[in-house]
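*Asks:* next input, structure requested:
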Amino acid sequence: MSQPTKVKPYTYAEVVKTYEKPDVQQDLNDACSKLAHAMSAMMDKFDAITRQMHTIDMLRRGPPLKPKWDSLRQDFAEFLWQFRSNSGIISGRFKLFHSTVLPMCTQILKPARLANRPESMQVLHSFITLSADQSAPTRTLIQRFFRLNAQFVAFLTELTNLTTRYAASAQQEMFDLSQRLSEMETHIQRIFSTTSELCTAEVLHVFYASCRLVSSSGHVGSKLTRKPVILDGDLSRIGRAYEHCDRKRNEVAHAQYSSQLRQSRTDPMSIGQTMVSTFVLDHMLACEAALNMLNASWLRLRTDCNDMFGWLKNQNPSQHPVPAVIYCYAQSRSTLFAPLAAAMDAFSSGIDPSLFTAARS
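*Replies:* Okay, the predicted model is just below:
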């Protein structure tokens with residue numbers, strides 16, 4: 001019996017080369033744009049659910065639901081605005097790194113430019129410090145995502161408890177679905193908490209986040225998804241967290257199908273429970289993919305900058321192993337960060353700023 005062929009992991013240079021391909025860039029940009037539009041479209045879903053909550057409140061079977069849902073709508077609109085702003089900030093840092101910081105540091109490879117090493121170190125140190133400050137809002141955004149998830153799940157649980165009191169069928173299925181979504185929330189948090197424990201990020205981390213994002217957008221046949229990306233070594237715990245989350249997602253899908261199969265299609269409360277549970281799942285999946293992309297991109301920039309700074313600290317850097325980010329740029333002027341900046345721009349432009357204005361009016 002033939003032994004299964006072990007998948008050879010991507011090298012840094014191979015990842016850079018993949019990102020630089022025009023069709024891959026287009027796939028990633030399209031996926032980011034599609035995901036951002038899907039997040040924006042949730043505001044319309046909010047409005048539809050608001051009308052359904054009003055209908056349920058008119059039945060006077062429990063405490064008013066519409067005011068709570070209206071408050072969540074405001075929180076979500078501000079979350080979208082913060083996501084849009086974060087994407088723009090990241091894009092700006094990546095463009096500055098690609099156009100100025102990286103070329104300046106790469107020139108130290110030339111003996112004639114060795115005297116510029118202190119200046120390059122100073123510029124890179126300033127860039128690292130400011131980037132660390134500007135990455136803080138992304139961490140705040142992730143925490144806001146966790147709070148929103150918890151609030152959505154709590155709202156769904158309250159609605160489910162109320163609905164099952166009066167429903168003629170599917171009581172257990174609705175309870176099961178609500179419970180699975182609560183468990184899904186926990187697994188998503190675990191992905192981010194595991195990622196936050198990384199001191200450095202392998203290049204496969206951001207590559208995997210890109211592949212996952214493209215796959216979640218429904219794109220088939222992309223070069224980003226043809227070859228499996230294995231998260232092993234220091235990334236194995238993150239890989240397991242993703243696997244557990246995907247298994248839970250399948251459980252949610254099964255619970256959702258079972259619930260909808262048995263629920264009344266005419267009862268306003270059952271209809272509302274279906275609408276909210278569908279919304280909560282869509283929100284979790286879209287925002288998890290988008291925020292993991294933002295988070296992994298920041299981690300990659302931090303890791304490459306730290307590698308570069310450690311290299312520049314040597315009296316004669318050219319006599320020491322060259323960081324992969326420097327090597328790729330010196331060889332072909334290629335880098336991860338121009339394609340990633342374009343992806344961040346696609347995120348930013350995909351969020352309609354008028355949604356925030358409308359929410360505040």
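
*Asks:* show me what the helix ranked longest in the chain packs onto, helices and strands only.
*Replies:* The longest helix of the chain (DSSP state H) is helix 117-166. On a contact count with 3 or more CB pairs under 8 Å, 6 or more residues apart in numbering; DSSP states H and E, helix 117-166 meets helix 66-96, helix 102-106, helix 171-196, helix 268-312. Backbone N, C-alpha and C define where each C-beta goes, glycine included.

*Asks:* the shortest one: which residues count as buried?
*Replies:* This means helix 102-106. Residues of helix 102-106 classed as buried by neighbour count (16 or more other CB atoms under 10 Å): 102, 104-106.

*Asks:* redo the helices and strands packed on helix 117-166 as CSV? Include distance to residue 59 and mean pLDDT.
*Replies:* Compiled in CSV, the helices and strands packed on helix 117-166 are given as follows (distance: least, CB to CB, whole Å; pLDDT from 0 to 100):
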stretch, distance to residue 59, mean pLDDT
helix 66-96, 12, 95
helix 102-106, 62, 95
helix 171-196, 17, 94
helix 268-312, 7, 95
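
*Asks:* and residue 262, which of those is closest to it?
*Replies:* Minimum separation from residue 262 across the helices and strands packed on helix 117-166 (CB to CB) falls at helix 171-196, 5.5 Å.

*Asks:* compute the inter-axis angle for the closest one and helix 117-166.
*Replies:* 170 degrees (axes from the mean of the first three to the mean of the last three CA atoms, to 10 degrees).

*Asks:* so after helix 171-196, what's the next helix or strand?
*Replies:* With elements assigned by DSSP states H and E, the helix or strand that comes after helix 171-196 is helix 203-216.

*Asks:* hey, C-alpha coordinates of the helix or strand following that following helix in CSV?
*Replies:* Per DSSP H and E, the first helix or strand lying C-terminal to helix 203-216 is helix 223-226. Output in CSV follows, covering the C-alpha atoms of helix 223-226 (Å, rounded to 0.1, in the frame of the first residue of the first chain):
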residue,chain,number,x,y,z
LYS,A,223,-5.0,29.3,-6.4
LEU,A,224,-5.3,30.3,-2.8
THR,A,225,-7.4,27.3,-2.1
ARG,A,226,-6.0,24.6,-4.4
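
*Asks:* enumerate the positions of helix 223-226 that are buried.
*Replies:* Quick answer for helix 223-226 (16+ other CB under 10 Å): 224-225.

*Asks:* helices or strands up against that helix?
*Replies:* helix 22-58, helix 203-216.

*Asks:* any idea which of those helices is most buried?
*Replies:* helix 203-216 (a mean of 23; mean count of other CB atoms under 10 Å).

*Asks:* and the contacts of it?
*Replies:* Here helix 203-216 makes contact (CB atoms under 8 Å, 6 or more residues apart in numbering) with 9-10, 12, 15, 18-19, 27-28, 31-32, 35, 195, 198, 222, 224-225, 229-231, 235, 238, 242, 285-286, 289-290, 292-293, 295-297, 299-300, 324, 336, 340, 343.

*Asks:* apply 7 Å and report the result again.
*Replies:* Applying CB atoms under 7 Å, 6 or more residues apart in numbering, the external contacts of helix 203-216 come out as 9-10, 12, 15, 27-28, 31-32, 35, 222, 224-225, 229, 231, 235, 238, 285, 289, 292-293, 296-297, 299-300.

*Asks:* circling back: out of the helices and strands packed on helix 117-166, which gets nearest to residue 143?
*Replies:* helix 171-196 (9.2 Å).

*Asks:* now the angle from the closest one to helix 203-216?
*Replies:* Angle of helix 171-196 versus helix 203-216, following the same axes, to 10 degrees, is 150 degrees.

*Asks:* helix 171-196 vs helix 268-312, what angle?
*Replies:* Going by the same axes, to 10 degrees, helix 171-196 makes 10 degrees with helix 268-312.

*Asks:* and helix 171-196, which residues are buried?
*Replies:* 171, 173-182, 184-185, 187-192, 194-195.

*Asks:* re earlier: in CSV: the buried residues of helix 102-106, plus distance to residue 256.
*Replies:* What follows is those, written out as CSV (distance: CB to CB, whole Å):
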residue, distance to residue 256
102, 46
104, 53
105, 50
106, 51
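
*Asks:* any idea which of the residues you listed is closest to residue 269?
*Replies:* Using CB to CB, the buried residues of helix 102-106 come closest to residue 269 at residue 102, 57.4 Å.

*Asks:* show me what contacts the closest one?
*Replies:* Per CB under 7 Å, 6+ apart, neighbours of residue 102: 325, 329, 335.

*Asks:* any idea how far residue 61 is from residue 267?
*Replies:* 11 Å (CB to CB, to the nearest Å).

*Asks:* so between the two, which is more surrounded?
*Replies:* More crowded of residue 267 and residue 61, by other CB atoms under 10 Å: residue 267, with 18 against 14.

*Asks:* in contact with that one, which residues?
*Replies:* By CB under 7 Å, 6+ apart, the contact list for residue 267 reads residue 167.

*Asks:* low-scoring stretches of this structure, by residue?
*Replies:* Along the chain, the model assigns pLDDT under 70 to residues 1-7, 220-221, 356-361.

*Asks:* burial of the closest residue to residue 262 other than its chain neighbours, as a residue count?
*Replies:* Among residues not flanking residue 262 along the chain, residue 170 sits closest, at 3.7 Å (CB to CB, 6 or more residues apart in numbering). By other CB under 10 Å, the residues close to residue 170 number 23.

*Asks:* residue 170 is in contact with residue 259, isn't it?
*Replies:* Yes. Counting by CB atoms under 7 Å, residue 170 does reach residue 259; the two are 5.7 Å apart.
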